[in-house]
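> Below is the structure, and that's it, no one-letter string:
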Ligand SMILES: [Fe+2]
Ligand SMILES: [Fe+2]
(Lines give C-alpha, C1' and ligand atoms only; values in the text may rest on other atoms or scores of the structure.)
(Ligands and ions follow the chains in the order given, each with its own letter.)
Protein backbone atom coordinates (compact mmCIF):
# COMPACT_ATOMS: atom_id res chain seq x y z
CA UNK A 1 0.00 0.00 0.00
CA UNK A 2 2.80 2.39 0.89
CA UNK A 3 4.60 1.33 -2.28
CA UNK A 4 1.44 1.94 -4.32
CA UNK A 5 1.04 5.48 -2.94
CA UNK A 6 4.68 6.17 -3.63
CA UNK A 7 4.31 5.29 -7.30
CA UNK A 8 3.69 8.25 -9.55
CA UNK A 9 0.75 8.45 -11.94
CA UNK A 10 2.81 7.22 -14.88
CA UNK A 11 4.04 4.18 -13.01
CA UNK A 12 0.54 3.32 -11.81
CA UNK A 13 -0.83 3.53 -15.34
CA UNK A 14 2.02 1.39 -16.64
CA UNK A 15 1.90 -1.11 -13.78
CA UNK A 16 0.55 -3.96 -15.96
CA UNK A 17 3.64 -3.62 -18.15
CA UNK A 18 6.33 -3.30 -15.54
CA UNK A 19 8.93 -5.93 -16.24
CA UNK A 20 8.06 -9.36 -14.84
CA UNK A 21 11.73 -10.31 -15.26
CA UNK A 22 14.79 -8.65 -13.69
CA UNK A 23 16.37 -6.09 -16.00
CA UNK A 24 20.14 -5.91 -16.34
CA UNK A 25 20.54 -2.72 -18.36
CA UNK A 26 21.73 -4.71 -21.39
CA UNK A 27 18.99 -4.21 -23.96
CA UNK A 28 19.99 -7.19 -26.11
CA UNK A 29 19.38 -9.32 -23.05
CA UNK A 30 16.48 -7.47 -21.45
CA UNK A 31 14.18 -6.62 -24.36
CA UNK A 32 13.72 -10.18 -25.70
CA UNK A 33 13.09 -11.53 -22.20
CA UNK A 34 10.65 -8.74 -21.40
CA UNK A 35 8.72 -9.27 -24.64
CA UNK A 36 8.77 -13.06 -24.30
CA UNK A 37 7.50 -12.82 -20.72
CA UNK A 38 4.61 -10.60 -21.87
CA UNK A 39 3.65 -12.94 -24.73
CA UNK A 40 5.22 -10.90 -27.53
CA UNK A 41 7.84 -13.33 -28.82
CA UNK A 42 7.15 -12.38 -32.45
CA UNK A 43 7.93 -8.74 -31.67
CA UNK A 44 11.10 -9.81 -29.84
CA UNK A 45 12.38 -11.49 -33.02
CA UNK A 46 11.47 -8.42 -35.11
CA UNK A 47 13.22 -6.06 -32.66
CA UNK A 48 16.35 -8.22 -32.86
CA UNK A 49 16.28 -7.92 -36.66
CA UNK A 50 15.78 -4.15 -36.56
CA UNK A 51 18.51 -3.68 -33.94
CA UNK A 52 20.95 -5.63 -36.14
CA UNK A 53 19.99 -3.70 -39.28
CA UNK A 54 20.08 -0.34 -37.51
CA UNK A 55 23.58 -1.01 -36.15
CA UNK A 56 24.80 -1.97 -39.63
CA UNK A 57 23.18 1.05 -41.32
CA UNK A 58 24.53 3.37 -38.66
CA UNK A 59 28.04 2.06 -39.27
CA UNK A 60 27.71 2.69 -43.01
CA UNK A 61 26.13 6.16 -42.85
CA UNK A 62 27.86 7.88 -39.96
CA UNK A 63 25.30 7.47 -37.17
CA UNK A 64 26.09 6.13 -33.71
CA UNK A 65 25.83 2.31 -33.94
CA UNK A 66 25.20 1.81 -30.22
CA UNK A 67 22.35 4.33 -30.17
CA UNK A 68 20.92 2.87 -33.39
CA UNK A 69 20.98 -0.63 -31.96
CA UNK A 70 19.37 0.55 -28.72
CA UNK A 71 16.53 2.26 -30.59
CA UNK A 72 16.11 -0.82 -32.75
CA UNK A 73 15.70 -3.04 -29.69
CA UNK A 74 13.18 -0.66 -28.14
CA UNK A 75 11.19 0.58 -31.11
CA UNK A 76 8.25 -1.82 -30.81
CA UNK A 77 8.24 -2.66 -27.08
CA UNK A 78 4.76 -1.12 -26.74
CA UNK A 79 3.42 -4.21 -28.49
CA UNK A 80 2.78 -5.33 -24.91
CA UNK A 81 -0.03 -2.71 -24.61
CA UNK A 82 -3.20 -4.02 -26.29
CA UNK A 83 -4.32 -1.92 -29.25
CA UNK A 84 -7.73 -1.36 -27.67
CA UNK A 85 -6.10 0.44 -24.73
CA UNK A 86 -3.52 2.55 -26.51
CA UNK A 87 -5.57 5.74 -26.80
CA UNK A 88 -6.64 5.56 -23.16
CA UNK A 89 -3.09 4.86 -21.96
CA UNK A 90 -1.56 7.59 -24.11
CA UNK A 91 -4.10 10.15 -22.91
CA UNK A 92 -3.60 9.05 -19.30
CA UNK A 93 0.14 9.57 -19.70
CA UNK A 94 -0.33 13.02 -21.20
CA UNK A 95 0.97 11.91 -24.60
CA UNK A 96 -0.68 14.05 -27.31
CA UNK A 97 -3.01 11.94 -29.47
CA UNK A 98 -3.53 13.34 -32.96
CA UNK A 99 -6.85 12.87 -34.81
CA UNK A 100 -5.09 10.48 -37.19
CA UNK A 101 -3.94 8.42 -34.20
CA UNK A 102 -7.48 8.42 -32.82
CA UNK A 103 -8.58 6.98 -36.17
CA UNK A 104 -5.71 4.49 -36.39
CA UNK A 105 -4.45 3.73 -32.85
CA UNK A 106 -1.90 1.26 -34.18
CA UNK A 107 0.27 4.27 -35.09
CA UNK A 108 0.37 5.33 -31.43
CA UNK A 109 2.72 2.44 -30.75
CA UNK A 110 5.71 4.57 -31.77
CA UNK A 111 4.96 7.17 -29.08
CA UNK A 112 4.13 4.52 -26.48
CA UNK A 113 7.35 2.62 -27.20
CA UNK A 114 9.27 5.80 -26.38
CA UNK A 115 7.34 6.06 -23.10
CA UNK A 116 8.16 2.44 -22.16
CA UNK A 117 11.78 2.87 -23.23
CA UNK A 118 12.09 5.64 -20.67
CA UNK A 119 9.80 4.34 -17.93
CA UNK A 120 10.61 0.62 -18.01
CA UNK A 121 14.09 0.45 -19.52
CA UNK A 122 15.46 3.67 -18.05
CA UNK A 123 16.54 5.26 -21.32
CA UNK A 124 17.20 8.98 -20.93
CA UNK A 125 18.97 9.63 -24.23
CA UNK A 126 16.66 12.06 -26.06
CA UNK A 127 18.02 11.09 -29.47
CA UNK A 128 17.34 7.40 -28.90
CA UNK A 129 13.87 8.23 -27.58
CA UNK A 130 13.14 10.40 -30.64
CA UNK A 131 14.32 7.65 -32.99
CA UNK A 132 11.88 5.27 -31.27
CA UNK A 133 9.11 7.92 -31.29
CA UNK A 134 9.48 8.59 -35.03
CA UNK A 135 10.18 5.07 -36.31
CA UNK A 136 6.81 4.45 -38.02
CA UNK A 137 6.03 7.80 -39.65
CA UNK A 138 9.35 9.61 -39.47
CA UNK A 139 9.10 13.31 -38.56
CA UNK A 140 10.20 16.56 -40.23
CA UNK A 141 12.74 17.04 -37.40
CA UNK A 142 14.17 13.51 -37.70
CA UNK A 143 17.95 13.39 -37.39
CA UNK A 144 20.31 10.88 -38.98
CA UNK A 145 19.80 8.39 -36.15
CA UNK A 146 16.01 8.52 -36.51
CA UNK A 147 16.29 8.01 -40.28
CA UNK A 148 18.53 4.98 -39.73
CA UNK A 149 16.07 3.36 -37.33
CA UNK A 150 13.12 4.26 -39.59
CA UNK A 151 14.82 2.56 -42.55
CA UNK A 152 15.94 -0.45 -40.53
CA UNK A 153 12.31 -1.04 -39.55
CA UNK A 154 11.20 -0.86 -43.19
CA UNK A 155 14.01 -3.11 -44.45
CA UNK A 156 13.42 -5.77 -41.78
CA UNK A 157 9.65 -5.44 -41.76
CA UNK A 158 7.43 -7.65 -39.65
CA UNK A 159 5.23 -8.92 -42.44
CA UNK A 160 5.45 -11.95 -44.73
CA UNK A 161 7.64 -11.92 -47.83
CA UNK A 162 9.82 -9.19 -49.27
CA UNK A 163 8.73 -5.57 -48.93
CA UNK A 164 7.58 -4.25 -52.35
CA UNK A 165 9.82 -1.18 -52.07
CA UNK A 166 12.92 -3.08 -50.98
CA UNK A 167 14.77 -3.27 -54.32
CA UNK A 168 14.44 0.49 -54.94
CA UNK A 169 15.42 1.24 -51.37
CA UNK A 170 18.50 -1.01 -51.62
CA UNK A 171 19.53 0.73 -54.85
CA UNK A 172 19.33 4.11 -53.13
CA UNK A 173 21.48 2.85 -50.26
CA UNK A 174 24.00 1.31 -52.67
CA UNK A 175 24.25 4.72 -54.31
CA UNK A 176 25.23 6.04 -50.90
CA UNK A 177 22.19 8.15 -50.06
CA UNK A 178 20.31 7.51 -46.85
CA UNK A 179 17.94 10.41 -47.63
CA UNK A 180 17.15 8.97 -51.06
CA UNK A 181 16.36 5.63 -49.40
CA UNK A 182 14.09 7.39 -46.91
CA UNK A 183 12.31 9.04 -49.86
CA UNK A 184 11.87 5.72 -51.63
CA UNK A 185 9.77 4.52 -48.71
CA UNK A 186 7.99 7.82 -48.07
CA UNK A 187 7.28 8.12 -51.80
CA UNK A 188 5.89 4.60 -51.80
CA UNK A 189 3.47 5.63 -49.05
CA UNK A 190 2.69 8.98 -50.62
CA UNK A 191 1.67 7.43 -53.94
CA UNK A 192 -0.74 5.22 -52.03
CA UNK A 193 -1.96 7.84 -49.57
CA UNK A 194 -5.56 7.67 -50.80
CA UNK A 195 -5.65 4.01 -49.79
CA UNK A 196 -3.98 4.45 -46.38
CA UNK A 197 -6.08 4.22 -43.24
CA UNK A 198 -4.86 7.73 -42.43
CA UNK A 199 -2.17 10.11 -43.68
CA UNK A 200 -0.19 10.86 -40.55
CA UNK A 201 0.85 14.53 -40.46
CA UNK A 202 4.43 13.65 -39.41
CA UNK A 203 4.78 11.41 -42.47
CA UNK A 204 3.27 14.05 -44.75
CA UNK A 205 5.53 16.76 -43.36
CA UNK A 206 8.60 14.53 -43.62
CA UNK A 207 7.76 13.66 -47.22
CA UNK A 208 7.05 17.23 -48.26
CA UNK A 209 10.08 18.60 -46.44
CA UNK A 210 12.60 15.95 -47.39
CA UNK A 211 11.40 14.53 -50.68
CA UNK A 212 9.27 17.22 -52.36
CA UNK A 213 10.85 20.48 -51.20
CA UNK A 214 9.64 22.35 -54.28
CA UNK A 215 5.96 21.78 -53.96
CA UNK A 216 4.69 18.73 -52.13
CA UNK A 217 1.23 19.14 -50.69
CA UNK A 218 0.09 17.20 -47.62
FE1 LIG B 1 6.72 -0.21 -35.16
FE1 LIG C 1 8.95 -2.51 -36.14
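Ah, there it is. Remember, predicted model here, so these are calculated numbers, not experimental data. Residues are numbered from 1 along each chain as shown. Ligands and ions are numbered 1, 2, ... in the order given.
> show me the contacts for the residue positioned nearest the centre of the chain.
For the chain, the residue sitting closest to the mean C-alpha position, by Cα atoms, centre = their mean, is residue 135 at 3.4 Å. Contacts for residue 135 (Cβ atoms under 8 Å, 6 or more residues apart in numbering) come out as 71, 75, 110, 113, 146, 149, 150, 153. In this view, the C-beta of every residue, glycine as well, is placed from N, C-alpha and C.
> Next, the last one: secondary structure please.
In other words, residue 153. Following DSSP: H, G, I helix; E, B strand; the rest coil, residue 153 is assigned to helix.
> pLDDT weak spots in the protein?
1-7, 213-218 (pLDDT under 70).
> Which stretches in it count as helices?
2-6, 9-13, 27-37, 41-61, 65-74, 86-93, 99-103, 109-119, 126-133, 144-155, 166-174, 178-191, 201-210 (DSSP state H).
> contact partners of stretch 63-71?
27-28, 51-52, 54-55, 57-59, 123, 125, 127-128, 131-132, 135, 144-145, 148-149, 152.
> Run a quick check on residue 185 versus residue 152, I expect a contact.
No: look at residue 185 against residue 152 with Cβ atoms under 8 Å: they stay out of range, at 11.3 Å.
> The two: who's more crowded?
Neighbour count, other Cβ atoms under 10 Å: between residue 185 and residue 152, residue 152 has more, with 27 against 24.
> Would you mind confirming that the more buried one makes contact with residue 53?
Yes: using Cβ under 8 Å, residue 152 makes contact with residue 53 at a distance of 3.9 Å.
> shared neighbours, the two?
residue 72.
> on that earlier part again, and the contacts of residue 135 as a markdown table, adding neighbour count and distance to residue 198?
Compiled in a markdown table, the contacts of residue 135 are given as follows (neighbours: other Cβ atoms under 10 Å; distance: Cβ to Cβ, whole Å):
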| residue | neighbour count | distance to residue 198 |
| --- | --- | --- |
| 71 | 37 | 24 |
| 75 | 32 | 20 |
| 110 | 25 | 14 |
| 113 | 25 | 19 |
| 146 | 25 | 21 |
| 149 | 33 | 22 |
| 150 | 29 | 18 |
| 153 | 24 | 18 |
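> So what's the residue count around residue 124?
The number of residues near residue 124, taken as other Cβ under 10 Å, comes to 8.
> Tell me how far the closest residue to it other than its chain neighbours lies from ligand 2.
Leaving aside its sequence neighbours, residue 124 sits nearest to residue 118 (Cβ to Cβ, 6 or more residues apart in numbering; 6.8 Å). To ligand 2, residue 118 is 18 Å away according to Cβ to the ion, to the nearest Å.
> again, but for residue 163
12 Å.
> And for residue 96, the neighbour number?
8.
> Cool, thanks, signing off.
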